[in-house]
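Undergrad: Requesting a structural model of the entry that follows:
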Amino acid sequence: ADLDTPSLPVVIGELGQAGPVVPSTTGSSLPHVALRRQMRLVTQQPEFIGNTRYVMTSVYVNAEGEAFNGDYHYYGRADTFFYIGRAFGTAMIQLVEDYVPIVNNITTIPAST
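TA: As a prediction, the model looks like this:
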């Protein structure tokens with residue numbers, strides 16, 4: 001309502017820097033998992049179906065090899081940020097070109113493509 005554009009296309013990026021499986025040895029993963037779920041559920045609200053996409057970023061985390069920033073923010077890996085950016089861009093193109101909605105409004109692109 002602030003922008004007076006109820007159909008504004010919005011891409012929501014998952015807080016996925018911990019990777020697809022969040023370790024739960026101390027129980028500290030519960031807030032992280034809950035937040036991811038809530039982020040995804042926003043796109044499934046009736047008023048947002050058709051103009052939002054949730055992009056999973058955890059699937060692009062590559063923890064192998066050298067971390068370039070002390071293990072923070074997707075290990076500082078350019079390849080990870082590239083794949084995430086491409087997924088965000090693909091999701092936005094789907095929104096603005098009015099593609100057929102993806103199952104559960106989730107967009108993922110395999111890293112191998």
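Undergrad: Now do the residue nearest to V96 when sequence neighbours are not counted against Y60, distance only.
TA: In this structure, V96 finds its nearest non-sequential neighbour in P9, 5.7 Å apart by Cβ to Cβ, 6 or more residues apart in numbering. No exception for glycine: its C-beta is placed from N, CA and C like everyone else's. Using Cβ to Cβ, to the nearest Å, one gets 22 Å for the distance from P9 to Y60.
Undergrad: Test my guess that L15 contacts H32.
TA: Yes. Judged on Cβ atoms under 8 Å, L15 makes contact with H32 at a distance of 7.1 Å.
Undergrad: out of those two, which sits in the busier spot?
TA: Between L15 and H32, counting by other Cβ atoms under 10 Å, H32 is the more crowded of the two (17 against 12).
Undergrad: show me where the chain has strands.
TA: Listed in chain order, the strands of the chain (DSSP state E) span 10-13, 52-55, 106-107.
Undergrad: Can you tell me which of those strands is packed in deepest?
TA: Comparing these on average neighbours per residue, with mean count of other Cβ atoms under 10 Å, the densest one is strand 52-55 at a mean of 24.
Undergrad: where are the low-confidence patches of the chain?
TA: The chain contains residues with pLDDT under 70 at 1, 22-29, 69-71, 98-113.
Undergrad: ok, which stretches of it are helices?
TA: Secondary structure of the chain, counting by DSSP state H: helices at 29-42, 78-96.
Undergrad: Pipe these into CSV and attach distance to D2 per row.
TA: Formatted as CSV, the helices of the chain follow (distance: least, Cβ to Cβ, whole Å):
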stretch, distance to D2
helix 29-42, 16
helix 78-96, 19
